[in-house]
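Novice: One predicted model, sequence on top.
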Amino acid sequence: MNYPLFPRSKVFLGIQAALALMIVTTPTTALGDDVTDENVNGHTYSTALTVNNPSTVFIFAEDAKYFDLNYNSVIIGDINGSENTVTLSNGTGLHVIGELWDELNDSADSRAEGNIVTLTGGSYADVAGGLGTGKASAGTKGNGNTVNISNNAYIIGDVLGGFAVGSGNAVENRVNITGGSSLEGGKIFGGYSVEGQANGNTVFINTNTDNPSSIEDIYGGYAATAANNNHVTIRTGSFSQYEINIAGGEIAEDGGAGDATENSVTIEGGTFSITGTGDPYYDINIMGGAAWNQGNATGNAVNISGGDFSVSDADNSEVLILGGGVFHGNGNATGNTVNLSGSVDLSGSSVKIYGGAIVQGDGNATGNTITVDGSVSLTSAQIHGGYIEGGTGDAFTGNALVFKSGWTGAVGSAQNFAKIVFENGGGLTVGTVTLGDGASATTEIETTGNATLGATLSGTGFEKTGQGTLTLTGTNSHGSTTIRE
């Protein structure tokens, strides 16, 4: 396993730099030689204007038609006014915000909420549905912000449903990217809070493979202190970058202590490939939920039923799939799931799958479940119910590996499972299975039909339960060929 397991998560300063030109309160610069009024907000002009110094100028959506806009222009629905709608078609290089709540009107109750940004065709820079500064939140329960991008729109920058720059929370924001749209060099966040929480945010992507996106990071929710109930769904699309990180919800590496709870990533299709070679950190990382520094990862899920994940074993690259994990701090990774189904190909020694993991900290990775169904290929893949690196704790108790619908196939290795289930027969034909916890506990192997275990068995042993027989055909310390009723 490469160290760290999922490297280089952080608060992305690039986003703040790209959006910094948006965080002003009063435009002060002239707009052109023929314009003398320094404050354009609220004014109506009969002729088109050119923005000479747009880095300190907001253009309200209703005034946008009066301006000759360029790559530095900022379109904003309103300042300190919720529930705005900004709709643009075939724009060129615009920064777009549904609403900005500025620091001069700052309070704990401030919020940029209920805004909708819709971009159809064209090219754009950074996009945010709602942006709150200071204490202001971006989105609230039942009234989040939404960004809709469709019809082959092209984004050169980052997309955020809701962005709380200060201590506010990002709550129930949504990003929907459809219709062949693509991004270059940017990141996608359903909700992002620099100092607060991200809860109930979603990202939905359903594009196509004709317009590939160069995206490094896709997060349902990303925050400093809590990430709960955030979700990423990818139906189809093409994604290529040096490293690809996808997480339902994550606590920032340089944030505070906090929990990641009930977040999920669902991938139904698409192509995912890395463009770098030779570096051990050029990986495809998929996490349901992750907590950094100190906290718990509980009840998170990764669901993969399709997709093409392209890495090369020879280049030290990996596909890392994790239900829930805790990194560089103490905490527990419990009750997380990884569900694999359909005909997805996750074969190769570069594929590593973890129900729960603790990296560089003490805690328990227990009660996690990995389920395999359909015609999933796991040849040579490494599968862990629980995993602990650089710390101490329990990585065995309650972890389960479930093969459904008579699944039959090969794995590279499987370990740290208190229970292995073969539903309706099936079995493992090739691989190495480590039974028990390495001390005194054994693994329960449950069958609901006749199953075959042709893997090489080692460890502290197992107990057979359930109906039907279990036939051991591989090399093991429990008899060369044994049938257990």
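Specialist: Good, I have the coordinates.

Novice: per-residue confidence at Ala252?
Specialist: With respect to pLDDT, Ala252 has a value of 90.

Novice: What of Ile267?
Specialist: On the pLDDT scale, Ile267 gets 97.

Novice: Isn't Ala451 up against Val421?
Specialist: No - counting by Cβ atoms under 8 Å, Val421 is not a contact partner of Ala451; they are 9.4 Å apart. Where you see a C-beta, it was placed from the backbone N, CA and C, and this is true even at glycine.

Novice: Verify the stated contact: His95 with Leu119.
Specialist: No - counting by Cβ under 8 Å, His95 sits too far from Leu119 to count as a contact (11.5 Å).

Novice: between the two, which one's more packed in?
Specialist: Leu119 (27 against 24; other Cβ atoms under 10 Å).

Novice: how about the more buried one, secondary structure?
Specialist: Three-state call for Leu119 (DSSP: H, G, I helix; E, B strand; the rest coil): strand.

Novice: if we can go back for a sec, out of Ala451 and Val421, which sits in the busier spot?
Specialist: Ala451 (28 against 20).

Novice: ok, now which ones touch that one?
Specialist: Contacts for Ala451 (Cβ atoms under 8 Å, 6 or more residues apart in numbering) come out as Phe422, Gly425, Gly426, Gly427, Gly468, Thr469, Leu470, Thr471.

Novice: which one of these sits closest to Gly307?
Specialist: Taking Cβ to Cβ as the measure, Gly307 lies nearest Gly426 of the contacts of Ala451, at 23.1 Å.

Novice: In this structure that closest one contacts Val402, no?
Specialist: No - between Gly426 and Val402 there is no contact under Cβ under 8 Å: 11.0 Å.

Novice: And for Asn143, the neighbour number?
Specialist: 15.

Novice: Skipping its backbone neighbours, what lies nearest the residue nearest to the spatial centre of the chain in space?
Specialist: Computing the C-alpha centroid of the chain and ranking residues by Cα atoms, centre = their mean puts Ala247 first, at 1.8 Å. Spatial nearest neighbour of Ala247, chain neighbours left out: Met287 (4.4 Å); criterion: Cβ to Cβ, 6 or more residues apart in numbering.

Novice: Just the element for that neighbour, please.
Specialist: strand 284-292 (DSSP states H and E).

Novice: average model confidence for that strand?
Specialist: 95.

Novice: What residues sit buried inside that strand?
Specialist: Ile284, Asn285, Ile286, Met287, Gly288, Gly289, Ala290, Ala291, Trp292 (16 or more other Cβ atoms under 10 Å).

Novice: out of those, what pair is the most spread apart?
Specialist: Ile284 and Ala291 (20.8 Å).

Novice: and Val171, how many neighbours?
Specialist: 29.

Novice: typo on my end, Asp254
Specialist: The tally of other residues near Asp254 (other Cβ under 10 Å) stands at 12.

Novice: Same question for Thr475.
Specialist: Based on other Cβ under 10 Å, the number of other residues close to Thr475 is 12.

Novice: try Ser440
Specialist: Number of residues near Ser440 (other Cβ under 10 Å) recorded here: 8.

Novice: Then Lys141?
Specialist: 11.

Novice: pretty sure it is touching Gly191, no?
Specialist: No - using Cβ under 8 Å, Lys141 is not in contact with Gly191; the gap is 12.0 Å.

Novice: Now for the two: what residues contact both?
Specialist: With Cβ under 8 Å, 6+ apart as the test, Lys141 and Gly191 both reach Val171, Glu172, Gly200.

Novice: Out of those residues, list just those in strands.
Specialist: Val171 (DSSP state E).

Novice: between the shared contacts of Lys141 and Gly191, which is nearest Asn152?
Specialist: Nearest to Asn152 among these, with distances taken as Cβ to Cβ, is Glu172, at 27.9 Å.

Novice: does Gly391 sit in a helix or strand, and which one?
Specialist: In this structure, Gly391 sits in neither a helix nor a strand according to DSSP H and E.

Novice: Next: the one 3 residues further on.
Specialist: Using DSSP H and E, Asp394 sits within no helix or strand.

Novice: ok, it touching Asp362?
Specialist: No - Asp394 is beyond contact range of Asp362, at 10.5 Å (criterion: Cβ under 8 Å).

Novice: Need the buried ones from the contacts of Ala451 selected in ChimeraX.
Specialist: ChimeraX command restricting the contacts of Ala451 to the buried ones, with burial defined by 16+ other Cβ under 10 Å:
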select :422,425,426,427,468,470,471
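
Novice: need the contact list for Asn208.
Specialist: Gly180, Thr236, Gly237, Ser238.

Novice: bridging residues for the last one?
Specialist: When you say that, I think you mean Ser238. Counting by DSSP bridges, Ser238 is bridged to Thr271.

Novice: can you give me the helices in the protein?
Specialist: 13-19 (DSSP state H).

Novice: Flag the shaky bits of it, pLDDT-wise.
Specialist: Applying pLDDT under 70 to the chain flags residues 1-81, 93, 102-109, 209-212, 276-282, 312-315, 476-485.

Novice: one more time with 50
Specialist: Applying pLDDT under 50 to the chain flags residues 1-58, 62-69, 280, 314, 480.

Novice: which one of the shared contacts of Lys141 and Gly191 is nearest Glu318?
Specialist: For the shared contacts of Lys141 and Gly191, the nearest to Glu318 is Gly200 (30.8 Å; Cβ to Cβ).

Novice: Contacts only, for the closest residue to the closest one other than its chain neighbours.
Specialist: Among residues not flanking Gly200 along the chain, Glu172 sits closest, at 4.3 Å (Cβ to Cβ, 6+ apart). Residues near Glu172 by Cβ under 8 Å, 6+ apart: Gly139, Thr140, Lys141, Gly142, Asn143, Gly144, Gly191, Asn199, Gly200, Asn201.
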